[in-house]
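> quick one, what's the 3D model for this:
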Amino acid sequence: MLPPRLQDQLVNTTLEKHIELLRLFFIDFESGLTTDKALVRRLVTALQFTSFSFGEHIIKKGSHALGVVFIQTHGVTVLGCNQTVRLLDFYDGSWCGEFESIFRQPAERSFVAVNKHNNTNLSTMVYFCKPDNFVEILSDFYDFDKFVRTRSIRRRAYIRYLE
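Numbers count the residues shown, from 1 in each chain. As a prediction, this is how the structure comes out:
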């Protein structure tokens with residue numbers, strides 16, 4: 001067992017790494033909205049880790065998302081409705097699944113694990129927040145909830161536009 005001071009340092013270091021991973025998620029470039037530290041802490045502590053093999057579905061078209069997925073390493077590609085065209089790639093520090101989680105909608109498109117070098121031996125590592133936890137956390141922060149909902153609708157519209 002670690003002494004209390006070292007435990008605090010370990011927890012703070014771990015939280016800082018997670019917060020850095022989510023940095024872009026919390027930025028509103030249009031309004032300059034700043035994120036409440038309590039929101040950041042609640043979301044970071046609700047995250048769970050998993051990994052996906054190259055080509056594995058992170059979110060499959062027609063199914064519900066496992067939650068809001070934050071990409072730690074490698075990437076995710078968004079496939080078109082016919083499942084053959086790559087519409088958009090997300091890499092380290094990006095996220096997906098927020099629309100499906102917030103509005104409890106099945107995915108219109110598949111999100112598949114990839115990497116920049118198409119190396120089939122590399123797994124995409126992600127953190128995710130389950131839909132119910134994500135919605136509950138957002139519900140306590142009205143302004144940020146409104147911002148995330150609006151941004152998720154815009155991102156969905158952009159992906160539709162690409163197709």
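> distance between the helix ranked longest in the chain and the chain's centre?
In the chain, with assignment by DSSP state H, the single longest helix is helix 142-162. In terms of Cα atoms, centre = their mean, to the nearest Å, the centre of helix 142-162 is found 13 Å from the chain centre.
> do the same with stretch 12-32
How far stretch 12-32 lies from its chain's middle: 12 Å, per Cα atoms, centre = their mean.
> now do the same end-to-end measure for stretch 20-35.
Separation of the first and last residues of stretch 20-35 by Cα to Cα, to the nearest Å is 13 Å.
> now do stretch 66-76
By Cα to Cα, the extent of stretch 66-76 from end to end equals 14 Å.
> list of residues touching that stretch?
Under the contact criterion Cβ atoms under 8 Å, 6 or more residues apart in numbering, stretch 66-76 has outside partners 21-22, 25, 47, 49, 58-59, 89-98, 101, 111-116, 122-131, 133-134. No exception for glycine: its C-beta is placed from N, CA and C like everyone else's.
> put the buried members of those into a PyMOL selection.
Selecting only the buried entries of the contacts of stretch 66-76 in PyMOL, with 16 or more other Cβ atoms under 10 Å as the criterion:
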select buried, resi 21+22+25+47+58+59+90+94+95+96+97+98+101+111+112+113+114+115+122+123+124+126+127+128+129+130+131+133+134
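> go through stretch 14-24 and flag the buried ones.
Within stretch 14-24, the residues that qualify as buried by neighbour count (16+ other Cβ under 10 Å) are 18-19, 21-22.
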